[in-house]
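*Asks:* Pasting the sequence and the predicted coordinates here, then a few questions.
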Amino acid sequence: MSEVVSLKGRDGAKGEGQAEVVRYSSAQRLSKALAIGVGGTLLGVSTIVIPGVHLISTWAIPLLSIGIAWYFYGRRGLLGAVSATCPSCGEQLNGEGGAWEDPMYVRCSACSRPFEVTVSPPV
């Protein structure tokens, strides 16, 4: 669904644009995190029969999967391609998307200024 996003430059220039925003529900995030955590634990336990490898893999793989599951549980949504008018030079600005929890920047191709992209909270 296309939503309005805010752009803020380091020099204080502000503007708005459009981006495709995908929001994840708590149930979707929890189910994905549990699948990753359980899958990693089962994979780690299954390596106990491999001599030598079992000394590290039986505890490292489950710990790594728990960390990855924690990251995916914290992801509230994704941002698609961003399109806006550059607040500094007025040219068309197009950028790629990403996870909206992390600071996300798009750079104007005309003036090369970076702008931080923020999404408004759900209503």
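*Replies:* Here it is on my side, so go on. Numbers count the residues shown, from 1 in each chain.
*Asks:* in this protein, what spans have low per-residue confidence?
*Replies:* Scanning the chain for pLDDT under 70 picks out 102, 122-123.
*Asks:* Tell me how far the residue most central in space within it lies from R76.
*Replies:* If you average the C-alpha coordinates of the chain and look for the closest C-alpha using C-alpha atoms, centre = their mean, you land on A99, 2.0 Å from that point. In this structure, A99 and R76 are separated by 9 Å, where distance is defined by C-beta to C-beta, to the nearest Å. For glycine as for every other residue, the C-beta is placed from the backbone atoms N, C-alpha and C.
*Asks:* Tell me where the chain has strands.
*Replies:* Taking DSSP state E as the criterion, the chain carries its strands at 2-9, 14-23, 77-85, 92-95, 98-99, 104-107, 114-119.
*Asks:* Now do the shortest one: distance to the chain's middle.
*Replies:* So that's strand 98-99. 3 Å (C-alpha atoms, centre = their mean, to the nearest Å).
*Asks:* Direction included, what does it pair against?
*Replies:* Here strand 98-99 is paired, per DSSP bridges, with strand 77-85 (antiparallel).
*Asks:* got it, and the last one?
*Replies:* For strand 114-119, the pairing partners within the sheet under DSSP bridges are strand 2-9 (antiparallel), strand 104-107 (antiparallel).
*Asks:* buried residues in that strand?
*Replies:* With burial defined by 16 or more other C-beta atoms under 10 Å, the residues of strand 114-119 counted as buried are 115, 117, 119.
*Asks:* Closest to W70 out of those?
*Replies:* Closest to W70 out of these is V119 (21.5 Å), distances taken as C-beta to C-beta.
*Asks:* Let me see the backbone angles for the closest residue to the closest one other than its chain neighbours.
*Replies:* Of all residues not flanking V119 in the chain, W100 sits nearest, at 4.9 Å (C-beta to C-beta, 6 or more residues apart in numbering). Geometry field for W100 lists phi and psi as phi -90, psi -10, criterion degrees, to the nearest 10.
*Asks:* Which one, of the strands of the chain, ends up nearest to L55?
*Replies:* Between L55 and the strands of the chain, the tightest spacing by C-beta to C-beta is seen for strand 98-99, at 34.5 Å.
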